[in-house]
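1. Here you go, sequence then predicted model.
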Amino acid sequence: MAKNSKTIISGPEAVRVRFAPSPTGYLHIGSARTAFFNWLFAKKTKGKFILRIEDTDMSRHMEEPIDLIMDSLKWLGINWDEGPDTGGNFGPYRQSQRKDIYSSYAGKMIADGNAYYCFCSQEKLAEKRQSFIEGRGSDYYEYDRECYYLAKDKIEQNLKEGIPYTVRLLVPDDYDIAFTDTVYGPISVNSGTQEDFIIIRSNGLPTYNFSAAVDDILMEITHVIRGEDHLSNTPKQILIYKALDEELPVFTHLPMIHGADGQKLSKRHGSISIEAYRDEGFLPEALRNYLALLGWAFDEKTTVFSSNDLINKFSLKDINKKPAKFDYEKLLWLNGYYIRQMPEKELEKLLAKRVTSADISIKGKNITDKNIAAVLPAIKKIIPLIKERVKTLKEARDITVKFFEDINYENDFIEYIKSNKERALGITEDALSLLKNIDDFSHQGIEAALRSISEKRNIGFRKVAEIIRAAIWGARVSPPMFGTMEILGKDTCIARLDSFMDMLS
Ligand code: GLU
């Protein structure tokens, strides 16, 4: 029997968890959720959170995706205690720099009789597969251990001749591979279902199951928390723990994440990279909150959790095995909530940053972080106007930018306004003469002037407002109109009403 798993929250031993991404591209929602659950558990238990990069496949250039993953984690506020950039006592933390470690462990396993050299070529293995399948009449195939029975001299001769080889684990016969997953409960698999799988490939590099298990052992990982897609790898990794006579960590597999259509979350469902969410103007605190809800629930109703709440309340035992549903609307709602809660000063900074990166200019000059001061007073005024209604920073930025740009008319709206041209002309004319004459071009002053039009003409204010909105904003929907006009200023409003008159007549 393998040594028993540790209890779920280990006693005096400090918790050590890891996030071990393969740098294949962006950090996507599912991986970010895995990282966050590990981080939360480390924080909760005052343990250590380790970032390990699984980049043994040297055929690809990895620097860029590694940086992207680290940047996304940092942006999310998921910081690590040990990792490739921070170092630590268990490094290196990039598997590409640990090749010698894997070779020496494989060597030790061969010496102990728990693994063996396999000199079978790809072609030979393909033939074996073919005849095995034909003989049995089923798709099932497992390696027949031919090389396990090679005589010692033959092995030495092959090695001397430089015949390429892989290293295979010798899987014990009829052994009960048993463990208790925190989420999926007791799982037991007979070793007869596992062939002597490869732990070192013919190019000398380890396979995922081998390097992950060796590193989890050497990095003294107490809890392996990862996606459910790795559940089927766990028996293999347990066999490696057994061969090395090591105690098992606690395994926790997180439920899959599905899109609204019940299919595994993928690009088809829209943005799935953390980078895309950042660009779309999601706040890290909103995303963190949302990630926590993907498979974990404190109770039936609570949705909003600060990070401190999460650290206090998070427990591996409350993770659900049902696939989690990714609900974009809920994430949007949460983001809007966090935007509303955000101190205005902070929002101002974030918005200013987005405005400077937008391609807009005032008086012919592009707004950059050097001349942002010119628009900051306006941004300060715009924030209270839009804060309650926007759901992302991008939306906030798009509205803000409109305050500085030339008006852009929504054609179908203007056509609709033109369908009652006389009234539109009359109202625009009234507005022009009233607004030209008011000294107090404030929210209140503007409101009083415009409301008097509706009284004079005995029509609902909504009718007046839609014409004014068409003239000064060009679109059906605008931020609250009087405030918008105050920020645009008297000159701009008058100029826009004037051009609108021209458009109508
Ligand atoms: N490199 C694996 C992945 O990105 C990690 C699996 C694990 O956590 O063991 O899926």
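-> Yes, it's here.
2. okay, CA-based contacts and neighbour counts for the rest of this
-> OK.
3. any chance you could map the helices in the stretch 101-250 of the chain?
-> Using DSSP state H, counting those that start in this stretch, the helices of the stretch 101-250 of the chain run over residues 122-136, 152-160, 208-218, 234-243.
4. Report the secondary structure state of the residue of the stretch 401-505 of the chain found nearest the ligand.
-> In the stretch 401-505 of the chain, the residue that lies nearest the ligand is Val401 (39.7 Å; C-alpha to the nearest ligand atom). Here Val401 takes the helix state, with states given by DSSP: H, G, I helix; E, B strand; the rest coil.
5. Excluding covalently adjacent residues, which one is nearest to it?
-> With C-alpha to C-alpha, 6 or more residues apart in numbering as the criterion, Val401 has its nearest non-adjacent residue at 6.7 Å, and that residue is Val355.
6. what's the answer for Leu393, then?
-> Gly281 (4.1 Å).
7. re earlier: can I get the helices of the stretch 101-250 of the chain in a markdown table including mean neighbour count, mean pLDDT and distance to the ligand?
-> Output for these, formatted as a markdown table (neighbours: other C-alpha atoms under 10 Å; pLDDT from 0 to 100; distance: least, C-alpha to the nearest ligand atom, whole Å):
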| stretch | mean neighbour count | mean pLDDT | distance to the ligand |
| --- | --- | --- | --- |
| helix 122-136 | 13 | 87 | 25 |
| helix 152-160 | 12 | 97 | 31 |
| helix 208-218 | 20 | 98 | 6 |
| helix 234-243 | 22 | 98 | 9 |
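8. will you turn these into CSV that also has distance to Phe251?
-> Putting those into CSV (distance: least, C-alpha to C-alpha, whole Å) gives the following:
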stretch, distance to Phe251
helix 122-136, 33
helix 152-160, 37
helix 208-218, 12
helix 234-243, 8
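9. wait, which of these is closest to Ala14?
-> helix 208-218 (14.5 Å; C-alpha to C-alpha).
10. angle of the closest one against helix 234-243?
-> Helix 208-218 and helix 234-243 meet at an angle of 50 degrees, taking axes from the mean of the first three to the mean of the last three C-alpha atoms, to 10 degrees as the criterion.
11. In terms of secondary structure, what does helix 208-218 contact?
-> Counting contacts by 3 or more C-alpha pairs under 8 Å, 6 or more residues apart in numbering; DSSP states H and E, helix 208-218 packs against helix 99-111, strand 198-200, helix 234-243.
12. And the contacts of that helix?
-> Helix 208-218 is contacted by residues 90, 95, 102, 105, 199-200, 233, 236-238, 240-241, 246 when judged by C-alpha atoms under 8 Å, 6 or more residues apart in numbering.
13. try it again with 6 Å
-> Helix 208-218 has contacts (C-alpha atoms under 6 Å, 6 or more residues apart in numbering) with 199, 237.
14. next one: stretch 305-324
-> Contacts for stretch 305-324 (C-alpha under 6 Å, 6+ apart): 40, 44, 183, 255-257, 289, 294-296.
15. Check stretch 156-173 too.
-> Here stretch 156-173 makes contact (C-alpha under 6 Å, 6+ apart) with 114-119, 196-202.
16. want to throw these into TSV with distance to Gly25?
-> Formatted as TSV, the contacts of stretch 156-173 follow (distance: C-alpha to C-alpha, whole Å):
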residue	distance to Gly25
Asn114	35
Ala115	33
Tyr116	35
Tyr117	34
Cys118	33
Phe119	34
Asp196	31
Phe197	28
Ile198	26
Ile199	25
Ile200	25
Arg201	24
Ser202	26
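17. which one of the residues you listed sits closest to the ligand?
-> Nearest to the ligand among the contacts of stretch 156-173, with distances taken as C-alpha to the nearest ligand atom, is Ile199, at 14.8 Å.
18. Nearest to the ligand within the stretch 301-450 of the chain, name that residue for me.
-> Taking C-alpha to the nearest ligand atom, the stretch 301-450 of the chain has Leu316 as its residue nearest the ligand, at 15.9 Å.
19. Can you report how many residues neighbour that residue?
-> 19 (other C-alpha atoms under 10 Å).
20. and if you look at the one 10 residues further on?
-> A count of neighbours around Phe326, defined by other C-alpha under 10 Å, yields 24.
21. That one - nearest residue in space that isn't next to it in sequence?
-> Nearest one to Phe326, counting by C-alpha to C-alpha, 6+ apart, is Gly259 at 5.2 Å.
22. how about the strands in this structure?
-> Taking DSSP state E as the test, the strands found in the chain are 16-19, 48-51, 115-118, 166-169, 176-181, 185-190, 198-200, 223-227, 250-254, 257-258, 324-325, 361-362, 365-366.
23. From those strands, pick the one with the highest average neighbour count.
-> With neighbours taken as mean count of other C-alpha atoms under 10 Å, these reach their highest mean count in strand 16-19, at a mean of 26.
24. residues from the protein in reach of the ligand?
-> Counting by C-alpha under 6 Å from any ligand atom, the chain comes close to the ligand at 20-22, 54, 212, 226.
25. Of the residues you listed, which is the nearest to Glu275?
-> When those are compared for distance to Glu275 (C-alpha to C-alpha), Pro21 comes out closest, at 15.7 Å.
26. which residues does the closest residue to the ligand within the stretch 251-400 of the chain bridge with?
-> Closest residue of the stretch 251-400 of the chain to the ligand, C-alpha to the nearest ligand atom: His253 (9.4 Å). Legend: beta-bridge partners of His253 under DSSP bridges are Arg226.
27. what's the answer for the one 4 residues further on, then?
-> Taking DSSP bridges, one obtains Ala324 as the residues bridged to Ile257.
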